[in-house]
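Enquirer: when you get a sec, could you give me coordinates for this:
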Amino acid sequence: MSGLQRMVAGGLLVLASLSLGGCVVGTVVGAAVDVGVEVVKVPFKVGKGIYDVVKDDPEEDKKK
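Expert: Predicted structure coming up:
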């Protein structure tokens, strides 16, 4: 391999590495945001579950 071919191959390798690095960063940030959203949703789901258990259902009274 000549010197010019090695430089071109090295340059392409560097460009490919940089472009993939952006994908990795995007994936990590996207995953972190998804986890953050789910963590915020948990208290609301728990609160709704507790509310459903505690509330009186008037439909049950009508059936009796």
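Enquirer: drop to CA atoms for contacts and neighbour counts, all remaining ones
Expert: Noted.
Enquirer: now the single longest helix found in the chain, how far from the chain's geometric center?
Expert: Across the chain, the helix with the greatest residue count (assigned by DSSP state H) is helix 3-54. A distance of 6 Å separates the centroid of the chain from that of helix 3-54, by CA atoms, centre = their mean, to the nearest Å.
Enquirer: and it, average pLDDT?
Expert: Helix 3-54 carries an average pLDDT of 84.
Enquirer: elements contacting it?
Expert: Packing contacts for helix 3-54, counted by 3 or more CA pairs under 8 Å, 6 or more residues apart in numbering; DSSP states H and E, involve no helix or strand.
Enquirer: distance of Ala32 relative to Glu38?
Expert: According to CA to CA, to the nearest Å, Ala32 and Glu38 sit 10 Å apart.
Enquirer: cool, and Lys48?
Expert: Distance, Lys48 to Glu38, using CA to CA: 15 Å.
Enquirer: how about Lys55?
Expert: For Lys55 relative to Glu38 (CA to CA), the value is 26 Å.
Enquirer: how about Asp52?
Expert: Distance from Asp52 to Glu38, by CA to CA: 21 Å.
Enquirer: same deal with Arg6?
Expert: Counting by CA to CA - Arg6 and Glu38 are separated by 48 Å.
Enquirer: Tyr51 too?
Expert: Distance from Tyr51 to Glu38, by CA to CA: 20 Å.
Enquirer: over to Gly30?
Expert: To Glu38, Gly30 is 12 Å away according to CA to CA.
Enquirer: do Gly10 as well
Expert: Gly10 is 42 Å from Glu38, by CA to CA.
Enquirer: quick one: contacts for Ala9?
Expert: Contacts for Ala9 (CA atoms under 8 Å, 6 or more residues apart in numbering) come out as none.
Enquirer: switch the cut-off to 10 Å
Expert: Going by CA atoms under 10 Å, 6 or more residues apart in numbering, Ala9 touches Gly3, Leu15.
Enquirer: please apply the same query to Leu12.
Expert: Leu12 makes contact with Arg6, Leu18 under the criterion CA under 10 Å, 6+ apart.
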